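Asks: only the shape, not the letters, is given here:
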């Protein structure tokens, strides 16, 4: 089935540790996005990428990094510089054609040990 | 970043009742989207609206793109238990790489 796969479902981070969240899509979509969701809030954009080897910061990029080496993959690294990483992280993609809806993966919940 | 004003924040309704929620912005959008999110899962697209004044239905759901382009409404008719969840509105502007601006969500709970 075509879709967006995020892994792992749950992730724990120790103090000072970097962790990487995986996002893979087999929809042949050009654009991919990472969002953070905190309890009782909407989604906030961390990073997005419109094409391979290119990405831009979103509204809350500090403490995060991304790469886009392949069209189908857009991993997110939560670095030790992110002091409040506990949240639900969501990956999305869209064909890249202007103004098309984004489709989401099932998320990764990150917690601090 | 901006978040859209979505109301109500939460609502309890009885099974069979109709539900209305809305989303407002201080600036215009070219597209309005409505998503539903179940606990621990990603949002699922319900309805997409592309033209001011557009009224679109998806089963028991009906959404409208406001004439001013600054608001949108979602109605659910004859609610059932599986309607429970959080509903988000989202807007897109032309020339912004399909980025979404989200509302703060409406939590819907249905009592039997």
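Replies: Nice, I can see it. Quick caveat: nothing in here was measured; it's all calculated off a predicted structure.
Asks: please count neighbours and contacts with C-alpha atoms only from this point.
Replies: Noted.
Asks: what does the worst-scoring helix or strand of chain B on mean pLDDT rub up against?
Replies: Within chain B, no helix or strand scores below strand B:106-111, which has a mean of 90 by mean pLDDT, DSSP states H and E. By C-alpha atoms under 8 Å, 6 or more residues apart in numbering or on different chains, the surrounding residues in contact with strand B:106-111 are B:6-15, B:21, B:79-81, B:83-88.
Asks: can you select the buried ones from those in PyMOL?
Replies: Selection of buried members from the contacts of strand B:106-111 for PyMOL, criterion 16 or more other C-alpha atoms under 10 Å in any protein chain shown:
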select buried, chain B and resi 6+7+10+13+15+21+79+80+83+84+85+86+87+88
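Asks: the least confident helix or strand of chain B pairs with which strands?
Replies: Take DSSP bridges as the rule and strand B:106-111 pairs in its sheet with strand B:10-14 (parallel), strand B:85-92 (antiparallel).
Asks: pLDDT score for residue 15?
Replies: You didn't say which chain, so I picked chain A. The per-residue pLDDT reported for residue A:15 equals 84.
Asks: meant chain B, my bad for not saying
Replies: Residue B:15 is given a pLDDT of 93.
Asks: list the contacts of it.
Replies: Residues near residue B:15 by C-alpha under 8 Å, 6+ apart: B:78, B:79, B:80, B:81, B:110, B:111, B:112.
Asks: if we take the residues you listed, which one ends up nearest to residue A:106?
Replies: Distance from residue A:106 was checked for each of these by C-alpha to C-alpha. The minimum falls on residue B:81, at 21.6 Å.
Asks: how about the strands paired with strand B:106-111 in CSV, adding distance to residue A:20?
Replies: Supplementary listing: the strands paired with strand B:106-111 in CSV, determined by distance: least, C-alpha to C-alpha, whole Å:
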stretch, distance to residue A:20
strand B:10-14, 34
strand B:85-92, 27
